[in-house]
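1. quick one: sequence and predicted model below, then my questions.
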Amino acid sequence: TEAMRKPTVLVLAMAVLCLQVVSCLPASEGSGAAAKKTWCTRGEACWPTDQDISEFRAKLNPETKRVLKWDGQPHPRVCSVPINSPGDQPLYGWGSKGMDALYYTEEAISSLCFLEVGETRTVCLAGMRNNPLENWHPAMVVWALTSAHVQESVKFAVKHNLCIMVAGTGHDFMNRHSCNDGLLIRTTLLKDISWDLNDARGFGNDGGNVKFGSGIVFSEAQKSASDHGRYVSSGWAITVGIAGWSIGGGHGPFAPSAGLGVDNILEVEMVTADGNLVTANAQQNHDLHWAVRGGGGSTWGVITAFTLKAHVNPATGFAKGEAVWYGTFCSAGRERLHLLIDAYFNWSLTLNKKWSGISFFTPVLSNETQCYGNWTFYMTYVYLGSQEEASEKWLEFTERYPPTAQGGGTKTTWWEFVVDYPLENIIPLPWTYPGPQSAGSVPSVTVSRQKVQSGEMGAQVKLALDECTASKRCQRQELYHDITGQTDSPQDPNVSIGPGFRTAMFHFVVGGWNSTMMEKYYNLGDNSYFSESGYDQPGDSWKSRYWGEENYARLLEIKRKWDPHNAFWCRNCVGSDLETPSRHKPLPIYK
C-alpha cells in the first residue's frame with residue numbers, strides 16, 4: 001500500500017536537490033470566493049504580542065504533561081514515524097520526554113526544516129509532517145489535549161487573522177496540513193476511545209459503533225476493535241490517522257464490504273470558525289455531516305472526535321494472500337507480462353465484496369541480457385473469511401499463472417496482521433514536487449468496471465510499463481482494488497465524494513508523467529481520490545475531479561454557511577477555487 005511507497009534515502013536526497021521553494025497564497029473570501037484572503041503578517045498590528053501569546057498559552061493547561069512515545073512491540077503505534085527515526089519513534093523521539101503546550105518562533109523560518117541532520121528548531125520538530133511543499137512553515141504549534149484547547153486555538157487564530165493548519169499524524173501527501181507562518185493545531189494527542197457495541201445511541205449499525213478522538217491511528221483503532229470482537233474500516237498503512245483518511249474518502253482492505261471511510265462516519269464533533277464545538281450527524285447539522293463525508297479536511301473546521309461504524313469479526317477469521325512474479329523485457333518476458341495484465345484484470349472482475357487487494361507493476365531499467373529492463377508484479381489480497389474459503393478463487397489465477405513466490409494465512413482478528421505490519425515512514429522534507437515530468441504528490445484516477453471490462457485500463461498499464469525501455473521512464477503502476485466497485489459492494493448515496501469514485505473499481509496511482517501521458521490516464525475516469533492525487537491539475541479541474549460539479553456547488557454553499565470568512569483554508573480544497581499559490585524564485589541553496 002502506501003507503506004510500500006517509501007522512497008530510498010537516495011531518492012530523498014535527489015528530491016531535496018531538485019526542490020523549488022514556493023510561498024503561501026492566502027485563501028479567498030468566504031461569500032465572494034472571488035477576493036483573496038489576506039492573512040496577518042509579522043509587524044502588522046494584528047500580529048499577536050508576547051502578552052497575547054502568554055495569555056493564550058495559559059489557556060492550554062501548560063502544566064499538563066504531553067508525551068508522544070511508542071512503547072514498542074506488541075503495543076499499537078501512536079503516530080507517524082519519520083524516516084530513519086531511532087527505535088521507530090514519532091518525532092525522532094523528541095516527544096518521548098514531554099512537550100510544551102505551545103511552541104512559537106519569534107522570527108519566521110527562512111530555511112527548510114530538516115534540511116540538515118540533527119534539526120533542533122522546536123517549531124520544526126513540533127510541526128513535523130510529511131512532504132511539506134511550498135516552503136510553508138508554522139509560526140506556532142499547539143499540542144491540544146482537549147476540544148477546549150482546540151476551541152481556544154481557533155479563537156486565537158481568528159482574532160489575529162492567522163492562517164490555520166491542522167495535522168494529526170501528518171501523513172498527508174497533498175500539503176493540506178500547511179499554510180505559511182500561521183497556527184498549526186496538532187490533534188495527535190486526542191486519543192479517547194468509547195465503545196457502544198449494542199448501538200445504544202441508535203445509529204442503526206448492527207456491529208455497534210465506536211467514538212475515537214481524532215488523534216487515533218489505525219494501529220490503535222484495530223487493536224481496540226479486536227479487543228471487542230470488532231474491526232473498523234481502515235486504510236492499509238497502520239500509522240495513518242482516522243481523520244484525514246475518513247473525510248477524504250478512505251480506501252482500504254475492508255472498503256468493498258464495510259464501506260469507504262466516508263461511509264463509516266456516523267457523527268463528528270467539530271470546532272467551527274466561531275470557536276464553537278458542534279455535533280454533526282444525519283439528524284443534527286446534517287449538511288455539515290454530508291460535507292465531511294468526502295468533502296476533505298482542513299476547510300470545514302477542526303474535528304476532535306469521530307463516531308464510526310463497528311463491524312463484527314468474521315466467524316472464520318481474516319485471510320491474506322501474497323504473490324509475486326518476475327520477468328524481463330525481452331520478447332518472451334514482455335509477452336508474459338502482457339498476458340498477466342490481461343489475466344489479472346479478468347480475474348479481478350470476478351471478485352465479490354469479500355475481496356480487497358493491491359497490485360503493483362514495477363518496471364526497472366537493467367542490462368543488455370535482460371533487454372535493458374525487468375519487471376515485478378506483486379499482489380496482496382484480503383478475504384473476509386478463512387484461507388480455505390478463499391482458496392478456490394485464489395487458485396483460479398495462481399494455478400494458471402504460477403507466481404515466482406506466494407504465501408498467505410488466516411488470523412482470527414485483523415490486529416494480528418496489523419501488529420507487525422511494515423511502516424509507511426513520513427519524510428519531513430518536500431519529496432513529491434511537481435515538474436515537467438510529474439503532476440507532483442500522488443497522481444491518480446479512479447477507474448470504472450466498464451473501463452476494466454473494455455480492456456482500456458489494461459492497455460494503459462501496458463503502455464506505461466513499455467515506456468521503461470522505450471523512453472527510460474520507469475514508473476510503478478499501483479492498483480488499489482479496495483474501494484466500492486464490486487458488484488455487491490455497499491454504495492451509500494449520502495456522501496460528497498465524486499460519483500465516479502463512488503462506483504469505481506480501482507483507485508489507480510499512476511506515477512509521474514508529463515501532461516500528454518496524464519491526459520491518457522485521466523481519460524480512464526472523471527474522478528481522482530482527494531488524498532492521493534496530482535498536486536498540480538489543469539486549471540480548476542480539481543473541483544470536478546474530487547467531487548463533480550454538482551457536489552462541489554453544494555459543498556461551497558455549506559462552506560459559506562459554516563465558515564463565511566474563510567478562517568479555514570487549504571490548497572485545492574472547497575472554497576479555495578480561484579487561486580493557487582504563486583511560485584517564488586528558489587532560495588540560494590537551490591540555484
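-> Thanks, I have the structure now.
2. Trp542 - nearest residue in space that isn't next to it in sequence?
-> Asn572 (4.7 Å; Cβ to Cβ, 6 or more residues apart in numbering). C-beta coordinates here come from the backbone N, C-alpha and C atoms, glycine included.
3. er, Gly333 actually
-> Excluding its sequence neighbours, the residue lying closest to Gly333 (Cβ to Cβ, 6+ apart) is Gly327, at 3.8 Å.
4. doesn't the one you found belong to a strand?
-> Yes: assessed with DSSP: H, G, I helix; E, B strand; the rest coil, Gly327 lies in a strand.
5. which residues does it contact?
-> With contacts defined as Cβ atoms under 8 Å, 6 or more residues apart in numbering, Gly327 is in contact with 333-334, 336-337, 374-375.
6. recalculate using a threshold of 10 Å.
-> Residues in contact with Gly327 (Cβ atoms under 10 Å, 6 or more residues apart in numbering) are 333-337, 340, 370, 373-377, 404.
7. just the buried ones from the residues you listed?
-> 333-334, 336-337, 340, 370, 373-377 (16 or more other Cβ atoms under 10 Å).
8. circling back: now the residue nearest to Gly333: how far from Leu465?
-> For Gly327, the distance to Leu465 (Cβ to Cβ, to the nearest Å) stands at 11 Å.
9. and Leu463, how many neighbours?
-> 13 (other Cβ atoms under 10 Å).
10. over to the one 3 residues further on?
-> Using other Cβ under 10 Å, Asp466 has 16 other residues around it.
11. one more: Thr120?
-> Thr120: 8 neighbours (other Cβ under 10 Å).
12. what helix or strand is it located in?
-> Applying DSSP states H and E as the criterion places Thr120 outside every helix and strand.
13. if we can go back for a sec, mind putting the contacts of Gly327 in a markdown table, distance to Ser54 and secondary structure included?
-> Shown next, in a markdown table, are the contacts of Gly327 (distance: Cβ to Cβ, whole Å; DSSP: H, G, I helix; E, B strand; the rest coil):
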| residue | distance to Ser54 | secondary structure |
| --- | --- | --- |
| Gly333 | 67 | helix |
| Arg334 | 67 | helix |
| Glu335 | 71 | helix |
| Arg336 | 68 | helix |
| Leu337 | 64 | helix |
| Leu340 | 64 | helix |
| Gln370 | 65 | helix |
| Gly373 | 62 | strand |
| Asn374 | 61 | strand |
| Trp375 | 60 | strand |
| Thr376 | 57 | strand |
| Phe377 | 59 | strand |
| Thr404 | 63 | coil |
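14. which stretches of the protein have low pLDDT?
-> 1-37, 577-591 (pLDDT under 70).
15. what residue of it is the furthest out?
-> When distances are taken from the C-alpha mean of the chain, Thr369 lies farthest, 40.0 Å away, according to Cα atoms, centre = their mean.
16. so what's the residue nearest the centre of the chain closest to, chain neighbours aside?
-> Taking Cα atoms, centre = their mean as the criterion, Ser531 is the residue nearest the geometric centre of the chain, at 4.5 Å. The spatially closest residue to Ser531, leaving aside those adjacent along the chain, is Gly248, at 3.8 Å (Cβ to Cβ, 6+ apart).
17. what about that neighbour, how many residues nearby?
-> So Gly248, with other Cβ under 10 Å, has 26 neighbours.
18. tell me the spacing between it and Ser576.
-> Gly248 is 15 Å from Ser576, by Cβ to Cβ.
19. hmm, Leu112 is touching Ile427, no?
-> No: if you go by Cβ atoms under 10 Å, Leu112 and Ile427 don't touch, sitting 12.0 Å apart.
20. on that earlier part again, between the contacts of Gly327, which is closest to Gly93?
-> Thr376 (34.5 Å; Cβ to Cβ).
21. so what's that closest one closest to, chain neighbours aside?
-> Thr362 (4.6 Å).
22. contact partners for the one you found?
-> Thr362 touches 4, 374-378, 465, 468, 474-478, 511, counting by Cβ under 10 Å, 6+ apart.
23. go on, Asn130?
-> 80, 82-83, 167, 169-175, 177, 424-432.
24. mind checking the SS state of the residue farthest from the centre of the chain?
-> helix.
25. now it: how far from Val123?
-> With distances taken as Cβ to Cβ, Thr369 is found 53 Å from Val123.
26. do the same with Trp547
-> 34 Å.
27. between those two, tell me which one has more neighbours.
-> Under the criterion of other Cβ under 10 Å, the comparison of Trp547 against Val123 puts Trp547 first, with 25 against 18.
28. which residues touch that one?
-> 294-296, 496-499, 501, 527, 530, 553-556, 574 are the contacts of Trp547 under Cβ under 10 Å, 6+ apart.
29. which two in those residues are spaced the farthest apart?
-> Phe501 and Leu556 (18.5 Å).
30. who's more crowded, these two?
-> Phe501 (29 against 19).
31. what touches both of Gly327 and Leu465?
-> 334, 337, 373, 375, 377.
32. and of those residues, the nearest to Asn281?
-> Within these, distances to Asn281 taken as Cβ to Cβ reach their minimum at Phe377, with 43.5 Å.
33. from Asp172, how far off is the residue nearest to the closest one when sequence neighbours are not counted?
-> Excluding the flanking residues, the one nearest Phe377 by Cβ to Cβ, 6+ apart is Trp325, at 4.4 Å. Taking Cβ to Cβ as the measure, Trp325 falls 33 Å from Asp172.
34. which one's more surrounded, the two?
-> Asp172 (29 against 21).
35. can you verify the more buried one is assigned to a helix?
-> No: counting by three-state DSSP, Asp172 is located in no helix; its state is coil.
36. coming back round to it: okay if I get the buried ones among the contacts of Gly327 as TSV plus distance to Ser441?
-> Putting the buried ones among the contacts of Gly327 into TSV (distance: Cβ to Cβ, whole Å) gives the following:
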residue	distance to Ser441
Gly333	32
Arg334	30
Arg336	33
Leu337	27
Leu340	29
Gln370	31
Gly373	26
Asn374	27
Trp375	25
Thr376	24
Phe377	25
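37. state the pair within the residues you listed that is farthest apart.
-> Counting by Cβ to Cβ, the most remote pair of these is Leu340 and Gln370, 17.0 Å apart.
38. which ones are touching Leu60?
-> Leu60 sits in contact with 66, 100-102, 142-146, 148-150, 152-153, 156, where contact means Cβ under 10 Å, 6+ apart.
39. ok, now how distant is Phe203 from Lys211?
-> 11 Å.
40. stretch 530-550: end-to-end distance?
-> By Cα to Cα, to the nearest Å, the extent of stretch 530-550 from end to end equals 16 Å.
41. can you mark which positions in that stretch are buried?
-> 530-537, 542-548.
42. likewise for stretch 71-90?
-> Neighbour-count burial for stretch 71-90 [16+ other Cβ under 10 Å]: 76-83, 85, 89-90.
43. would TSV of those with distance to Pro256 be doable?
-> Below are the buried residues of stretch 71-90 laid out as TSV (distance: Cβ to Cβ, whole Å):
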residue	distance to Pro256
Pro76	25
Arg77	25
Val78	29
Cys79	28
Ser80	26
Val81	28
Pro82	32
Ile83	31
Ser85	34
Gln89	34
Pro90	31
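44. among the residues you listed, which two are most distant?
-> Pro76 and Ile83 (20.5 Å).
45. show the contacting residues for Ala332.
-> Cys371.
46. give me the three-state assignment for it.
-> Assignment for Ala332 (three-state DSSP): helix.
47. next one: it from Gln370, what distance?
-> From Ala332 to Gln370 the distance is 12 Å (Cβ to Cβ).
48. now do the helices in the stretch 151-300 of the chain.
-> Along the stretch 151-300 of the chain, the segments classed as helices by DSSP state H, counting those that start in this stretch run 218-227, 242-248, 255-258, 286-292.
49. how many other residues sit next to the closest residue to Ser233 other than its chain neighbours?
-> Once flanking residues are discounted, Ser233 sits nearest to Ala258: 4.3 Å by Cβ to Cβ, 6+ apart. Neighbourhood size, Ala258 [other Cβ under 10 Å]: 25.
50. report the contact partners of Ala258.
-> Counted by Cβ under 10 Å, 6+ apart, Ala258 has contacts 207, 231-234, 252, 264, 309-311, 353, 356, 384, 484, 489-490.
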